[in-house]
Every structure is written in structure tokens, then in C-alpha cells.
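Colleague: need the 3D shape of this:
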Amino acid sequence: MIFLGKNINRKKLLSKQELLQYLEENGRNDRVLADIRERYFFDFGNELIWRYPISDQLHMGTFIVLVKEGFLSLPFDLIDDRDYEILELQDIAMFDLESIQYFIDDWQRFSDDLMEAMMGIKNILAG
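Modeller: Residues are numbered from 1 along each chain as shown. Got it, this is the predicted structure:
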């Protein structure tokens, strides 16, 4: 599979079940997810995990993780000062076209609103 300009050997990716088992055994948090990032970066030159810090109306945010089966959403609702994001493994889901489009549209609204606010701040500061 070609993704982000890289040839990704799916055989080297974790399966959804392997990822969940690793998190269950080692901790359901971002600190443990860092192990997967390191593995993926070593194997693929990219962490292949993205933090999506916007609420989907159900969770505070989610991680998007590439696994053998596709793209997995690992949501979180709590951030701890030691373990960082605490994952809600009971609510994981695979992305499909509809769900990723929702995330894209939501990100665009967030980005547009933030840019408009920052430009307004700049204009006020410039006098």
C-alpha cells in the first residue's frame, strides 16, 4: 500500500487485535501508545499515529492509528499528567468513508474558526 508517499508493508502493521492486546497488557494510555509509534517509525519512517484533539461529540478526542485492517479510532476522554491521554478501548471503531469525512469536515470548521479568530486578534493588535 502506498500511503503518504511511502510503501507500507501491511504484514509489518499490527492488527487491530494485536494493538488492543498490547494496550490491555501494558496500559490503556498514550504513554504506552508511544511504543507503537517508535516501532512504526523504525519500520516505516513515520509513526502512522495521529492525535485528533477535537471532540466528536462522544469523546474529548481520538488517535487515528493505521492497522492491518485499515484506520482505527482510539478515543480518549481523560488526560493524565503522567500517562497523558487515557484510552477508551471499549469505544474503538474502524474508520469508513462517512466517519473520516465527518472528521475532515469538523477539522476544517475548527481550523477556519481559529484562523478567523487569530486574524481578528492580529487586526486588533495592529490597531
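
Colleague: measure Asn74 to Leu23 for me?
Modeller: I think there's a mix-up here, since residue 74 is Leu and not Asn. In this structure, Leu74 lies at 8 Å from Leu23, with Cβ to Cβ, to the nearest Å as the measure. From N, CA and C alone the C-beta is placed, and that goes for glycine too.

Colleague: cool, Ile86 as well?
Modeller: To Leu23, Ile86 is 11 Å away according to Cβ to Cβ.

Colleague: Leu74 and Leu23: which is more packed in?
Modeller: When Leu74 is set against Leu23 and neighbours are counted by other Cβ atoms under 10 Å, the residue ahead is Leu74, at 27 against 19.

Colleague: tell me where this structure has strands.
Modeller: With DSSP state E, the ranges of strands along the chain come out as 2-3, 6-7, 49-52, 61-67, 70-80, 84-87, 93-94.

Colleague: how far out from the middle of the chain is the second one?
Modeller: Once both centres are worked out by Cα atoms, centre = their mean, to the nearest Å, strand 6-7 turns out to sit 20 Å from its chain's centre.

Colleague: shift numbering so it begins at 866
Modeller: Got it, the first residue is 866 from now on, which makes the last one we talked about strand 871-872.

Colleague: list the strands paired with that strand, with their directions.
Modeller: Within its sheet, strand 871-872 is paired with strand 867-868 (antiparallel), according to DSSP bridges.

Colleague: can you check the fourth one too?
Modeller: Listed by DSSP bridges, the sheet partners of strand 926-932 and their directions read strand 914-917 (antiparallel), strand 935-945 (antiparallel).

Colleague: and of the ones you listed, who's closest to Ala982?
Modeller: When the strands paired with strand 926-932 are compared by Cβ to Cβ, strand 914-917 sits nearest Ala982, at 20.1 Å.

Colleague: start to end distance for stretch 944-963?
Modeller: 28 Å (Cα to Cα, to the nearest Å).

Colleague: ok, residues contacting it?
Modeller: When contacts are defined by Cβ atoms under 8 Å, 6 or more residues apart in numbering, stretch 944-963 is touched by residues 881, 885, 888-889, 892-898, 916, 923-926, 928-929, 934-943, 964, 968.

Colleague: of those, select the buried ones using a PyMOL command.
Modeller: One line in PyMOL is enough to select the buried ones among these; burial here means 16 or more other Cβ atoms under 10 Å:
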select buried, resi 881+885+888+893+894+895+897+898+924+925+926+928+929+936+937+938+939+940+941+968
